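Novice: Please find the sequence and the predicted model below.
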Amino acid sequence: MELFKGINQIKVPLPGENRGNVNVYIIEGASGNLMIDTGWNTTESFNTLAQEMKASGFAMKDITHIAITHAHPDHFGLAGKIVELVGAKVFMSDIEYNLIDSRYTHPEDLLSQMSTFLAANGVPDWELKMLTEASLNLRNGVYKLAKAEMLKPGDRIAMDPFQFQVVLTPGHARGHLCLYEPNKQYLFTGDQILAETAPIITYHPQSSENPLGDYITSLNTLEGLNVRFVFPGHGSVFSGLGAKIDDILHLHKDRIMKIQQVMGVETRNAYDVAKALPWLIDGEPVNYDKLEPIDKKQCVLETLAYLQYLVAENKGKKMNETEKVTYWSGE
Ligand SMILES: [Zn+2]
């Protein structure tokens, strides 16, 4: 569907029931077309993408360039397949590109790091294997990508009449990037800013030491841009970036306060903190014990992102003993 002149949006389904869509954008340039993000690597996603492109007047071979906001399967999964079919040039950040092999092709080392990491943060033996391997299936969501061109902050992608500037926005993913079109004041935000929810920020063996701090810094970077319309990776296009950023910051503040209450003056591991918090799944409050393994893992890693943030902000302390990590308020 053409949203604005030369800007098309296609909603590509995610696998699983009620899991929603990812937005793929196709930008029409004078001498080529840029696809921003691609959808999950499933037959259904690919077929929907191809059909919807056809309905909007595009064939797959019309795609000359692909820009990837970050290397999660819903955004990046089909890139390799499209390249193989039509030879488009893929752009992404080097940080994300360099994580692909360890995550999707040769995950053995990462699995063992994750197991040690989760155990150190309190996940008990009986749950450890289940949580460690909870994301293994995601590997199927990514089609092997032979090569990509690396993007740095400030780089430009020219798609005449559009000129995109690359804005590095680490947080949700370490090498996440947004694309900004300064003349039209369009901002393509991937998962950095979503229409209806706030993105999940997690601390894990491949993240920075303070991903939530990085994320908040990235929000401040975006707030400095003149933006008329935001094109998110999920949900509808919207205007009012400043208000949306305020909403997201407010949400994190609330969550930080809840975590501080649970954290207390005695040391606790992230697993115990995660178990003591209420969690929302599809808008419904769910107790940790009732969650699927993949959601349990997310909850522990998300809790850790808050705990790490509190430590970085001098509002919490971390005790890192051999094979055991705990946090406390520091008072
Ligand atoms: Zn996403």
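Specialist: Right, received. Where do you want to start? Residues are numbered from 1 along each chain as shown.
Novice: CA atoms for contacts and neighbours, from now on please.
Specialist: Fine.
Novice: If you count neighbours, what's buried in the lowest-mean-pLDDT helix or strand in the chain?
Specialist: When the helices and strands of the chain are scored by mean pLDDT, DSSP states H and E, strand 279-281 comes last with a mean of 83. Buried residues in strand 279-281, defined by neighbour count with 16 or more other CA atoms under 10 Å: residue 279.
Novice: Quick one: list the elements packing against it.
Specialist: Where contact means 3 or more CA pairs under 8 Å, 6 or more residues apart in numbering; DSSP states H and E, strand 279-281 is packed against strand 284-286.
Novice: Pairing partners for the strand it packs on, with directions?
Specialist: Sheet pairing of strand 284-286 (DSSP bridges) gives strand 279-281 (antiparallel).
Novice: Run through who's touching the strand it pairs with.
Specialist: 285, 286, 287, 288, 299 (CA atoms under 8 Å, 6 or more residues apart in numbering).
Novice: On the three-state scheme, residue 194 is what?
Specialist: Three-state call for residue 194 (DSSP: H, G, I helix; E, B strand; the rest coil): coil.
Novice: Quick one: residues contacting it.
Specialist: Residue 194 neighbours (CA under 8 Å, 6+ apart): 232, 233, 234, 235.
Novice: Kindly report the same for residue 125.
Specialist: Per CA under 8 Å, 6+ apart, neighbours of residue 125: residue 119.
Novice: Can you lay out the contacts of residue 194 as JSON lines showing pLDDT and neighbour count?
Specialist: Putting these into JSON lines (pLDDT from 0 to 100; neighbours: other CA atoms under 10 Å) gives the following:
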{"residue": "232", "pLDDT": "98", "neighbour count": "24"}
{"residue": "233", "pLDDT": "97", "neighbour count": "27"}
{"residue": "234", "pLDDT": "95", "neighbour count": "22"}
{"residue": "235", "pLDDT": "95", "neighbour count": "16"}
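Novice: so of these, which ones are in helices?
Specialist: Taking DSSP state H, every one of the contacts of residue 194 sits outside helices.
Novice: Could you point out which of the contacts of strand 279-281 is nearest to residue 98?
Specialist: Comparing the contacts of strand 279-281 against residue 98 with CA to CA picks out residue 299 as the nearest, at 25.4 Å.
Novice: Can you tell me how far residue 30 is from residue 151?
Specialist: As judged by CA to CA, to the nearest Å, residue 30 and residue 151 stand 22 Å apart.
Novice: the more surrounded of these two?
Specialist: residue 151 (23 against 12; other CA atoms under 10 Å).
Novice: which residues touch that one?
Specialist: 91, 92, 93, 94, 166.
Novice: try it again with 7 Å
Specialist: 91, 92, 93, 94 (CA atoms under 7 Å, 6 or more residues apart in numbering).
Novice: for residue 308, same thing?
Specialist: With CA under 7 Å, 6+ apart, residue 308 has these contacts: residue 210.
Novice: again, 8 Å this time
Specialist: Per CA under 8 Å, 6+ apart, neighbours of residue 308: 203, 209, 210.
Novice: Okay, and it sits in which element?
Specialist: Counting by DSSP states H and E, the element that carries residue 308 is helix 293-312.
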